[in-house]
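Colleague: just to be clear, the model below is a prediction. Sequence and coordinates:
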Amino acid sequence: MTTVPQVEPALPAAAAPRRPRIRWGQVAAAVALPLALVLVWQISAWIMQPREWILPSPATIARTGWDVRERLWHHAQWTMLITVVGFALATVVGCLLAALIARSRVAGLMLYPWIIVSQTIPLVALAPLLVLWMPEFGAMVTLAALISIFPVIVAGVDGLRSTDPELIRAVRTLGASPGWTWWHVRVPAALPRLFTGLRLAAVFAVTGAVVGELVASDRGLGALTRLSAGQFETPVTFAAVVILALIGIAMFLIVAVAEWAALPYLRRGTRPGSR
Amino acid sequence: MPHGYDTEIAIRVDDVHLALGDDPPLAVLAGVDLEACAGEVTAIIGPSGCGKSTLLDVIAGLVVPDSGSVVTASSGRPVLMPQRDALMPWRTLRDNVAAAAELRGTPRGDAQALADREVARVGLAGFGDHYPHALSGGMRQRGALARTLLAESDIWLLDEPFGALDALTRSEMHRVLMAVREQVAPTIVLVTHEIAEAVAIADSVLVASPGPMRIVSRMRVADAGPDAAHEVLASLRAAGVAA
Ligand SMILES: Nc1ncnc2c1ncn2[C@@H]1O[C@H](COP(=O)(O)OP(=O)(O)O)[C@@H](O)[C@H]1O
Ligand SMILES: [Mg+2]
């Protein structure tokens, strides 16, 4: 490589990048509140002794949950499958629709109002119909996708419309084609907002799956909460709800990790002033 | 040649008219004439919103004027450096600079090596792996300058390139620009709203009217000597810009 004369003043050498480390203090802060809540609940249960089918104690829920673990796992698998497939469907179709709306004025005018209107009707009401029209799995997945697609579309459209015009101006004079500008400027610029939508969608997908199971299925944790509550197996109902919460948290975290991996430039420590 | 200097003309803008937007269209350029000599810095100074950026878009070929002509004696296309956010936040400094070569069809590996060379040239050696967020405003503009260099265009359109920087960083950037210019000798059109900047960097200064834009006066900085700044100010006053 040829050497080129450098302009003065050259800047001092860059500092080595910081390594990420686990902050145990923050981990403790995150689990403190739920832990305290469970503790208060358990102690009140000891003192007040409510009937088990009305409000079981955390210990009872945990014990019962362990006893019926195979039943819980059977239903949890089904719910997770529906959640993940529904979320994936919402992501793919949502991104395609967002791209269409952001690229074409006509598509925006034709689609966007209807997508918003679709969110004002209670989608739960569709569950019995969907079950009539297609196999149960398809119906549940469709419902989960319908509920979680909205934040994907809105965040995707906003993201794609958020590109800085100065940036587009600059790369066009460097010879960027519209295709290059789309894939290398507009899409990457949209990703931070899109991921915010995806995080919401991941949690909505769980809600969608559960709601579908609750009203129109005999499988899945949603169905289990309905059936067990009907049989006064309240500790099982609670155990199912806890697992649902864990699935929701897991979905959220999976998307957050994907975001961390996909957007290295937004990681903490890569920006001055961030902590 | 109207101004009588025996330098080659690199950019000739002739009676360019342009209206933008609809109902009603807004006249932005109203008969702009401009000549920029090869290898020189031509500054355009005018009030904000008068149409300077639009004029650069026309020279860059991004916008087609309603009438009039733009002729550039460049082998390639002019390259434009905007005031801010010139770098893609999701690319490292090296990858940002390399984009200029990638877009000319250079394979990625070669583009990166070329980028490292230009990054070093503007004094940012060792910062290639940094994201723009982690760089100061002045460093980002050095990066944008490195990318402009790698575009290998002989016409540079600088749209208020240092407008967002503090005074100290700005004068440092002036020195960087001057040093780079000595090495590659591009024709530069520099849009600015700073009289001091125009006089310090440019060989000639054009004063633009408030929009719709025309060029109302032109002067050679060398001819004006130490009075250059006062002359520019006087022209701006005559155009009804400065108080
Ligand atoms: N696409 C557009 N549609 C309508 N008006 C525009 C458009 N782009 C710029 N303008 C108007 O043209 C005028 C000149 O803008 P610009 O060239 O950015 O000015 P300057 O760079 O001198 O500050 C402004 O009044 C601006 O509002
Ligand atoms: Mg401007």
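Modeller: Received, thanks. Ligands and ions are numbered 1, 2, ... in the order given.

Colleague: residues contacting the most centrally placed residue in chain B?
Modeller: The centre of chain B sits closest to B:Leu158, judged by CA atoms, centre = their mean, with a distance of 1.6 Å. Under the criterion of CB atoms under 8 Å, 6 or more residues apart in numbering or on different chains, the neighbours of B:Leu158 are B:80-81, B:188-191. C-beta: built from backbone N, CA, C; applies to glycine.

Colleague: return a PyMOL selection command for the buried portion of the residues you listed.
Modeller: Buried residues within the contacts of B:Leu158, by 16 or more other CB atoms under 10 Å in any protein chain shown, are selected in PyMOL with:
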select buried, chain B and resi 80+81+188+189+190+191
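
Colleague: which one of the contacts of B:Leu158 is nearest ligand 1?
Modeller: B:Val191 (6.7 Å; CB to the nearest ligand atom).

Colleague: is the helix or strand harbouring that closest one in proximity to chain A?
Modeller: Element membership of B:Val191 [criterion: DSSP states H and E] is strand B:187-192. No - using CB under 8 Å from any CB of the partner chain, strand B:187-192 stays clear of chain A, with a minimum separation of 12.3 Å.

Colleague: show me the contact partners of stretch A:25-41.
Modeller: For stretch A:25-41, using CB under 8 Å, 6+ apart, the contacting residues are A:57-58.

Colleague: go on, stretch B:64-80?
Modeller: Contact with stretch B:64-80 is made by A:169-170, A:173-175, B:8-19, B:29, B:31-32, B:38, B:56-62, B:100, B:148, B:151-159, B:187, as judged by CB under 8 Å, 6+ apart.

Colleague: how far away is the residue of chain A found nearest ligand 1 from A:Glu259?
Modeller: Nearest residue of chain A to ligand 1: A:Pro165, at 9.1 Å (CB to the nearest ligand atom). Look at A:Pro165 and A:Glu259: by CB to CB, to the nearest Å, they are 26 Å apart.

Colleague: neighbour-wise, which of these two wins?
Modeller: A:Glu259 (18 against 9; other CB atoms under 10 Å in any protein chain shown).

Colleague: sorry, back to before: quick one: the residue nearest to the centre of chain B is in a strand?
Modeller: Yes - the assignment for B:Leu158 is a strand, going by DSSP: H, G, I helix; E, B strand; the rest coil.

Colleague: any idea what it is bridged to?
Modeller: When bridges are called by DSSP bridges, B:Leu158 pairs up with B:Met81, B:Leu190.

Colleague: measure it to A:Pro165 for me?
Modeller: Counting by CB to CB - B:Leu158 and A:Pro165 are separated by 17 Å.

Colleague: same question for A:Pro50.
Modeller: A:Pro50 is 62 Å from A:Pro165, where distance means CB to CB.

Colleague: who's in contact with A:Leu194?
Modeller: A:95, A:98, A:152, A:155-156, A:159.

Colleague: hang on, I meant B:Ser217
Modeller: Per CB under 8 Å, 6+ apart, neighbours of B:Ser217: B:206-207, B:235, B:238-239.

Colleague: can you pull the pLDDT of it?
Modeller: Note on B:Ser217: pLDDT of 90.

Colleague: run a quick neighbour tally on A:Thr64.
Modeller: A:Thr64: 21 neighbours (other CB under 10 Å).

Colleague: remind me which helix or strand it belongs to.
Modeller: helix A:58-67.

Colleague: what angle separates the very next helix or strand once past that helix from helix A:58-67?
Modeller: Remark: after helix A:58-67, the chain's next helix or strand is helix A:69-103, criterion DSSP H and E. If you take axes from the mean of the first three to the mean of the last three CA atoms, to 10 degrees, helix A:69-103 sits at 90 degrees to helix A:58-67.

Colleague: for helix A:69-103, buried residues please.
Modeller: Within helix A:69-103, the residues scored as buried using 16+ other CB under 10 Å are A:72, A:75-76, A:78-80, A:82-87, A:89-91, A:94-95, A:97-102.

Colleague: tell me how far B:Asp14 lies from ligand 1.
Modeller: 19 Å (CB to the nearest ligand atom, to the nearest Å).

Colleague: which stretches of chain B aren't confidently modelled?
Modeller: B:1-6, B:85, B:242-243 (pLDDT under 70).

Colleague: can you do 50?
Modeller: The model of chain B has pLDDT under 50 over residues B:1-4.

Colleague: which parts of it sit against ligand 1?
Modeller: Contact residues (CB under 6 Å from any ligand atom) of chain B with ligand 1: B:20-21, B:26, B:28, B:48-54, B:211.

Colleague: whichever strand or helix holds A:Leu246 and chain B in contact?
Modeller: According to DSSP H and E, A:Leu246 maps onto helix A:234-262. No - interface with chain B: helix A:234-262 contributes nothing (CB under 8 Å from any CB), its closest point being 9.4 Å away.

Colleague: helices and strands around that helix, which ones?
Modeller: Helix A:234-262 sits against helix A:58-67, helix A:69-103, helix A:187-216, helix A:220-230, with contacts defined as 3 or more CB pairs under 8 Å, 6 or more residues apart in numbering or on different chains; DSSP states H and E.

Colleague: let's see 6 Å
Modeller: helix A:58-67, helix A:187-216, helix A:220-230 (3 or more CB pairs under 6 Å, 6 or more residues apart in numbering or on different chains; DSSP states H and E).

Colleague: could you dump those to CSV with mean pLDDT?
Modeller: Listed next are the helices and strands packed on helix A:234-262 as CSV, based on pLDDT from 0 to 100:
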stretch, mean pLDDT
helix A:58-67, 92
helix A:187-216, 95
helix A:220-230, 93
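
Colleague: looking at those, which is nearest to B:Ser171?
Modeller: Proximity to B:Ser171, assessed across the helices and strands packed on helix A:234-262 by CB to CB, is greatest for helix A:187-216 (32.3 Å).

Colleague: relative to helix A:220-230, how tilted is that closest one?
Modeller: Using the same axes, to 10 degrees: helix A:187-216 against helix A:220-230 is 30 degrees.

Colleague: how far is stretch A:48-64 from where the chain is centred?
Modeller: Its chain's C-alpha centre and that of stretch A:48-64 lie 31 Å apart, by CA atoms, centre = their mean, to the nearest Å.

Colleague: can you mark which positions in it are buried?
Modeller: A:52, A:55-58, A:60-62, A:64.

Colleague: could you work out the most separated pair of those?
Modeller: A:Leu55 and A:Ala62 (14.5 Å).

Colleague: tilt between the helix or strand containing B:Met139 and strand B:187-192?
Modeller: Using DSSP H and E, B:Met139 sits within helix B:137-150. Relative orientation of helix B:137-150 with respect to strand B:187-192: 150 degrees, computed using the same axes, to 10 degrees.

Colleague: and residue 183, how many residues sit next to it?
Modeller: With no chain named, the answer covers chain A. Neighbours of A:Trp183 (other CB under 10 Å): 12.

Colleague: to clarify, I was referring to chain B.
Modeller: B:Gln183 has 12 neighbours, counted by other CB under 10 Å.

Colleague: what does B:Val184 give?
Modeller: 15.

Colleague: and if you look at B:Ala113?
Modeller: 14.

Colleague: now it: how far from B:Val97?
Modeller: 11 Å.

Colleague: same deal with A:Leu72?
Modeller: In terms of CB to CB, A:Leu72 sits 55 Å off from B:Val97.

Colleague: what of B:Arg91?
Modeller: 9 Å.

Colleague: neighbour count winner among the two?
Modeller: In this view B:Arg91 and B:Val97 are compared by other CB under 10 Å, and B:Val97 has more residues nearby, 31 against 17.

Colleague: between the strand or helix carrying the more buried one and helix B:137-150, how big is the angle?
Modeller: Per DSSP H and E, B:Val97 falls inside helix B:93-102. Counting by the same axes, to 10 degrees, helix B:93-102 lies at 20 degrees to helix B:137-150.

Colleague: and helix B:93-102, how far from the chain's centre?
Modeller: Its chain's average C-alpha position is 19 Å from that of helix B:93-102, according to CA atoms, centre = their mean.

Colleague: return the alpha-carbon coordinates of it using PDB.
Modeller: Taking C-alpha atoms only, helix B:93-102 is exported to PDB below (Å, rounded to 0.1, in the frame of the first residue of the first chain):
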ATOM      1  CA  LEU B  93     -15.800   4.900  10.000                       C
ATOM      2  CA  ARG B  94     -13.800   2.600   7.700                       C
ATOM      3  CA  ASP B  95     -17.000   1.100   6.200                       C
ATOM      4  CA  ASN B  96     -18.500   4.600   5.800                       C
ATOM      5  CA  VAL B  97     -15.500   5.800   3.800                       C
ATOM      6  CA  ALA B  98     -15.300   2.500   1.900                       C
ATOM      7  CA  ALA B  99     -18.800   3.000   0.600                       C
ATOM      8  CA  ALA B 100     -17.400   5.600  -1.800                       C
ATOM      9  CA  ALA B 101     -15.200   3.000  -3.400                       C
ATOM     10  CA  GLU B 102     -17.800   0.200  -3.200                       C
END
